[in-house]
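**Student:** coords below, sequence missing:
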RNA sequence: GUGGGUGUAGCUCAACUGGCAGAGCACCGGGUUGUGGCCCCGGGGGUCAAGGGUUCAAAUCCCUUCACUCACCCCA
């Protein structure tokens, strides 16, 4: 019986896996340049970690987590996001004790039991960045430019960065209430989803996509007028710094975040071509989260990028083949050992090598070598074996070099010889 | 969780108002070619997503289930 995969859990097969690899490499290089260090986190956490950080009422916690009872009865969950784990690791690993700033990034699978669609899987991958221990506007600006540089380096071209301030514990409740009151007034012009949001999560009213709701809320109070003095000054400074740092960011006063822990600066990268799931990355400040888990009052800011979505919008860089590639072909069974040995020495010298045994027609083996990207076919038959050499066939130039390679030569020598032939 | 669309060869897809399951690509063998590419000949491959129903006859019509996909919702 054939066993199928799990809904929403996908394999990443070649050649797509190569695009992921290239993208991750570029991202790592940008992260290194910003002096962020990798943290490798477990995929499993105690369920309460997410319940307490994301908010009990968010959909993620309420109905999308994969949770189960461990054998000793504790409730565990596959992580639906990375920030909660970072904060836990930060405290547990004693990083909070150091006075300085901690700059971390992570990369890996996240799990949410949603209905799959374009750009949304049940196991998906995020690259996340967290800067913990500073609350100055320059940190906000630096993290935002990091997101921009990261996306650009990965090959994303057409994306838009939006930013807003969602206030803090002093001013957001006031705005929330003002918004709620306004929404009650226009209740019957809102869709049923929005009507239920009025009490549950009024901030979310602002990013409903339906036209009637947008019209009904066009005159709704804006967060800008409700920000407290500290939040306003912080936000304005962030915007100034971003402008001076030449970041292309635009303010969207209706931008809100889905998770409860965000404070002040919130931002998002939107891209066309992703269907309805148009956010490639998003994040913001979460100044209260470390303290909520019993740590010292450490402010922090971070973001996460959806890698499936990034792969979708990133222009694939043309793969650069460095140096000659070879296919070693044994014409007869007695030559197979020599073929393997030759290939092995070439590989040690850095030449990408494929070995074709004695089975099948020469024609099909040559064709495979050609399609596999080989620049040379190294053919070993009875004659070659007896004379201790391999016939080299140039796949492009249609030329033979019958005495080109001595079978007993070492890898370096072999590679140099192939490079000479490739250029001459 | 709610809707819509689609399921035929490894891949991309045909098959008219129901009438013998096909093509291109890929794969394998052969011919030709300086030993591969182009060209020519041949070959292997299918539970027509699964189950049930209607009919002399179902890939085609009806019902059920499943999978994939897009959108709502949610979010990166």
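**Tutor:** Happy to help now that I have it. The structure displayed is predicted, hence computed values, not measured ones.
**Student:** Quick check: the closest residue to residue A:333 other than its chain neighbours vs RNA strand B, distance?
**Tutor:** Distance criterion C-beta to C-beta, 6 or more residues apart in numbering; nearest residue to residue A:333, sequence neighbours excluded, is residue A:358 at 4.5 Å. From N, CA and C alone the C-beta is placed, and that goes for glycine too. Noted for residue A:358: a distance of 11 Å to RNA strand B, by C-beta to the nearest atom of the strand, to the nearest Å.
**Student:** what's residue A:358 in contact with, if anything?
**Tutor:** Taking C-beta atoms under 8 Å, 6 or more residues apart in numbering, we find residue A:358 in contact with A:330-333, A:335-336.
**Student:** Looking at those, which are in helices?
**Tutor:** Members of those lying in helices (criterion: DSSP state H): residue A:336.
**Student:** List only buried entries from the contacts of residue A:358.
**Tutor:** Buried members of those, scored by 16 or more other C-beta atoms under 10 Å, are A:330-331, A:335-336.
**Student:** and RNA strand B, which of those reach it?
**Tutor:** With C-beta under 7 Å from any atom of the strand as the criterion, the buried ones among the contacts of residue A:358 include none near RNA strand B.
**Student:** Where does the residue nearest to residue A:333 sit: helix, strand or coil?
**Tutor:** Using DSSP: H, G, I helix; E, B strand; the rest coil, the structure places residue A:358 in coil.
**Student:** Just give me the closest of the contacts of residue A:358 to RNA strand B.
**Tutor:** Ranked by distance to RNA strand B (C-beta to the nearest atom of the strand), these are led by residue A:331 at 7.8 Å.
**Student:** was I right about the closest one contacting residue A:377?
**Tutor:** No - with contact defined as C-beta atoms under 8 Å, residue A:331 and residue A:377 do not form a contacting pair (11.0 Å).
**Student:** Reformat the contacts of residue A:358 into a markdown table and put pLDDT next to each item.
**Tutor:** Listed next are these as a markdown table, based on pLDDT from 0 to 100:
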| residue | pLDDT |
| --- | --- |
| A:330 | 91 |
| A:331 | 89 |
| A:332 | 87 |
| A:333 | 87 |
| A:335 | 90 |
| A:336 | 91 |
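**Student:** Next, count neighbours for residue A:8.
**Tutor:** Counted with other C-beta atoms under 10 Å, residues neighbouring residue A:8 total 17.
**Student:** Please disregard the earlier target; I meant residue A:386.
**Tutor:** When neighbours are counted by other C-beta under 10 Å, residue A:386 registers 8.
**Student:** again, but for residue A:207
**Tutor:** If you count neighbours by other C-beta under 10 Å, residue A:207 ends up with 15.
**Student:** if I pick it, what's in contact with it?
**Tutor:** A:254-256.
**Student:** could you pull out the strands for the stretch 1-150 of chain A?
**Tutor:** For the stretch 1-150 of chain A, the strands defined by DSSP state E, counting those that start in this stretch occupy A:37-38, A:44-46, A:67-69, A:75-78, A:102-111, A:123-132.
**Student:** Need the residues that contact stretch A:57-75.
**Tutor:** If you take C-beta under 8 Å, 6+ apart as the criterion, stretch A:57-75 is touched by A:46-48, A:50-51, A:54-56, A:76-78, A:80-81, A:111-114, A:200-201, A:258-260.
**Student:** same for RNA strand B: which of those residues are within range?
**Tutor:** With C-beta under 7 Å from any atom of the strand as the criterion, the contacts of stretch A:57-75 include A:81, A:112, A:114, A:258-259 near RNA strand B.
**Student:** Which one of the residues you listed is nearest to residue A:416?
**Tutor:** When those are compared for distance to residue A:416 (C-beta to C-beta), residue A:81 comes out closest, at 51.2 Å.
**Student:** now the closest one: how far from residue A:75?
**Tutor:** Between residue A:81 and residue A:75 the distance is 17 Å, computed by C-beta to C-beta, to the nearest Å.
**Student:** Tell me how far residue A:411 lies from residue A:71.
**Tutor:** Residue A:411 sits 52 Å away from residue A:71 when distances are taken as C-beta to C-beta.
**Student:** scratch that, residue A:382 is what I was asking about
**Tutor:** Separation of residue A:382 from residue A:71 (C-beta to C-beta): 64 Å.
**Student:** residues in contact with the spatially most central residue of chain A?
**Tutor:** With distances taken as C-alpha atoms, centre = their mean, the residue of chain A nearest its centroid is residue A:307 (3.2 Å). Contacts for residue A:307 were tallied using C-beta under 8 Å, 6+ apart; they are A:20, A:23, A:107, A:124-127.
**Student:** cool, and residue A:19?
**Tutor:** Contacts of residue A:19 (C-beta under 8 Å, 6+ apart): A:311, A:314, A:316.
**Student:** Each with direction, which strands does the helix or strand bottoming out on mean pLDDT in chain A pair with?
**Tutor:** Ranked by mean pLDDT, DSSP states H and E, the weakest helix or strand in chain A is strand A:400-406, scoring a mean of 74. When pairing is defined by DSSP bridges, strand A:400-406 lines up against strand A:389-394 (antiparallel).
**Student:** Give the bridge partners for the closest residue to residue A:160 other than its chain neighbours, please.
**Tutor:** The shortest distance from residue A:160 to any non-neighbouring residue, by C-beta to C-beta, 6+ apart, is to residue A:270 (5.0 Å). Residue A:270 forms beta bridges with residue A:160, residue A:279, as assigned by DSSP bridges.
**Student:** what sits against residue A:270?
**Tutor:** Residues counted as contacts of residue A:270 (C-beta under 8 Å, 6+ apart) are A:159-160, A:162, A:278-280.
**Student:** my guess is residue A:393 meets residue A:381, correct?
**Tutor:** No - using C-beta under 8 Å, residue A:393 is not in contact with residue A:381, being 12.0 Å away.
**Student:** which of the contacts of stretch A:57-75 count as buried?
**Tutor:** Burial by neighbour count, judged by 16+ other C-beta under 10 Å, picks out A:47, A:50-51, A:54-55, A:77-78, A:80-81, A:111-114, A:201, A:258-260 from the contacts of stretch A:57-75.
**Student:** returning to that earlier point: would a markdown table of the contacts of residue A:207 with pLDDT be doable?
**Tutor:** Converted to a markdown table, those look like this (pLDDT from 0 to 100):
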| residue | pLDDT |
| --- | --- |
| A:254 | 89 |
| A:255 | 90 |
| A:256 | 85 |
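**Student:** ok so, going back, can you say which of the contacts of residue A:270 are buried?
**Tutor:** Buried by 16+ other C-beta under 10 Å: A:159, A:162, A:278-280, out of the contacts of residue A:270.
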